[in-house]
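Student: I'll drop the sequence and a predicted model, then ask my questions.
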Amino acid sequence: MTAITAALVGELRAKTDAPMMECKKALTEAGGDLDKAEEILRVKLGGKASKAASRVTAEGVVAAYIAGGVGALVEVNCETDFVTKNDDFLALANACAKLVAENNPADVAALSAMPLDGSTVEATRAALIGRIGENMSIRRFTRFDTAAKLVSYLHGTRIGVIVEFDGADEQVGKDVAMHIAAMKPVSLSSDQVPADLIEKERSVATLKAAESGKPADIATKMIEGSVQKFLKEVSLLNQTFVKNDKQTVEQMLKAANTSVKSFTMFVVGEGIEKKQDDFAAEVAATVAAAKQA
């Protein structure tokens, strides 16, 4: 049997990027055979990825890529904020954004099957799960291909925006992207606000009007006023511009001879139900289990 030396462990780690102890265990199991140990690790890392697959991934990063009139915004998720600082995880997110922009995959499954660094996106994701021990998922992406201009803005790595616009001054586009990240509009204009959001706001306004005890005609005006106020608050062009509260975004764009054609904003974990851990209950359960043992 070949001796399991530090140099051999280091060589296996360099080939697989697996933790040192995992490499040592695999080499011991393989009797020092490097190739066999590498196979063992691949099986084990794949096993870790499978076990992690059911765990909620509500943290993560947003990555953007723009080249000319082609651009992409991608959200890649993980379980904890700690992993969002990992260089390999960030590299995966950035690589995905570039692949989306350059190859126009139909969906996440198509993106996952694309080649990446001599492997595939999916194999890279699975191997990374094995090394880090956390579940990871490519949640969503959007792609732009336009004759207009594109600009992106990332607020840290948790909020990402791409704006499609026409105008001579690129700074105006960047200002709009920053405004979107801060004010989080749901649509470009009020007539594009999703119907379900309007109905939800109308229901709330109707309940408030009923509780006010006002006559029916006044209550109707109250409801309509609330809905119109909501539409202005959530549509980009009607919002007060964050850099000048004397202007709406629409007025600022008109003064700058610029028009926004569309935008996309991703907020990490938006709409994902996070697991709520009860630490006290977990400790109590651990103590009870220890007593039973």
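Tutor: Nice, thanks for sending it over.
Student: isn't there a strand covering Ile66?
Tutor: Yes: counting by DSSP: H, G, I helix; E, B strand; the rest coil, Ile66 falls inside a strand.
Student: what's across from it in the sheet?
Tutor: Gly71 (DSSP bridges).
Student: That one and Lys98 touch, don't they?
Tutor: No: at 10.0 Å, Ile66 does not count as touching Lys98 under the criterion of C-beta atoms under 8 Å. (C-beta placed from N, C-alpha, C; glycine too.)
Student: Name the residues contacting each of those two.
Tutor: Counting by C-beta atoms under 8 Å, 6 or more residues apart in numbering, the shared contacts of Ile66 and Lys98 are Ala72.
Student: need the contact list for Glu59.
Tutor: Glu59 makes contacts with Asn77, Cys78, Glu79, Thr80, Asp81, Val83, Thr84, Val268, Gly269, as judged by C-beta under 8 Å, 6+ apart.
Student: what residue is smack in the middle of this protein?
Tutor: Closest residue to the average C-alpha location of the chain: Glu75 at 2.8 Å, with C-alpha atoms, centre = their mean.
Student: which residues touch that one?
Tutor: Glu75 touches Gly60, Val61, Val62, Ile138, Arg139, Arg140, Phe141, Gly160, Phe266, Val268, counting by C-beta under 8 Å, 6+ apart.
Student: sec struct for the fifth one, please.
Tutor: Put plainly, it is Arg139. Relying on three-state DSSP, one would call Arg139 strand.
Student: per-residue confidence at the closest residue to it other than its chain neighbours?
Tutor: Of all residues not flanking Arg139 in the chain, Glu75 sits nearest, at 4.6 Å (C-beta to C-beta, 6 or more residues apart in numbering). pLDDT recorded at Glu75 is 97.
Student: Can you give me the domain boundaries for this structure?
Tutor: Under automatic domain parsing, the residue ranges defining each domain of the chain are 6-52, 59-183+259-267, 195-232.
Student: Lys243: which of the ones you listed is closest?
Tutor: domain 59-183+259-267 (6.1 Å; C-beta to C-beta).
Student: what's the span of that closest one from first residue to last?
Tutor: Across domain 59-183+259-267, the terminal residues are separated by 10 Å (C-alpha to C-alpha, to the nearest Å).
Student: Tell me the gap between it and the middle of its chain.
Tutor: 8 Å (C-alpha atoms, centre = their mean, to the nearest Å).
Student: tell me the strands in this protein, going along the chain?
Tutor: Taking DSSP state E, the strands of the chain run over residues 59-67, 70-78, 115-116, 119-120, 136-145, 149-155, 159-166, 259-267.
Student: out of those, deepest packed?
Tutor: The highest average neighbour count among the strands of the chain, using mean count of other C-beta atoms under 10 Å, belongs to strand 70-78 at a mean of 25.
Student: picking that back up, can you say which of the strands of the chain is nearest to Gln192?
Tutor: strand 259-267 (9.8 Å).
Student: for the closest one, packing partners?
Tutor: When contacts are defined as 3 or more C-beta pairs under 8 Å, 6 or more residues apart in numbering; DSSP states H and E, strand 259-267 packs onto strand 70-78, strand 136-145, strand 159-166, helix 170-183, helix 249-255.
Student: So what are the sheet partners of that strand and their directions?
Tutor: In the sheet, strand 259-267 lines up against strand 159-166 (antiparallel) (DSSP bridges).
Student: Can you check what angle separates the strand it pairs with from strand 70-78?
Tutor: Strand 159-166 and strand 70-78 meet at an angle of 170 degrees, taking axes from the mean of the first three to the mean of the last three C-alpha atoms, to 10 degrees as the criterion.
Student: pLDDT below threshold where in the stretch 151-293 of the chain?
Tutor: By pLDDT under 70, the low-scoring segments of the stretch 151-293 of the chain are 273-293.
Student: check contacts around the residue nearest to Lys174 when sequence neighbours are not counted.
Tutor: Spatial nearest neighbour of Lys174, excluding adjacent residues (C-beta to C-beta, 6+ apart): Val151 at 5.3 Å. By C-beta under 8 Å, 6+ apart, the contact list for Val151 reads Ile66, Ile162, Val163, Phe165, Glu170, Gly173, Lys174, Val176, Ala177.
Student: ok so, going back, tell me the bridge partners for the residue nearest to the centre of the chain.
Tutor: With DSSP bridges as the rule, Glu75 is bridged to Val62, Arg140.
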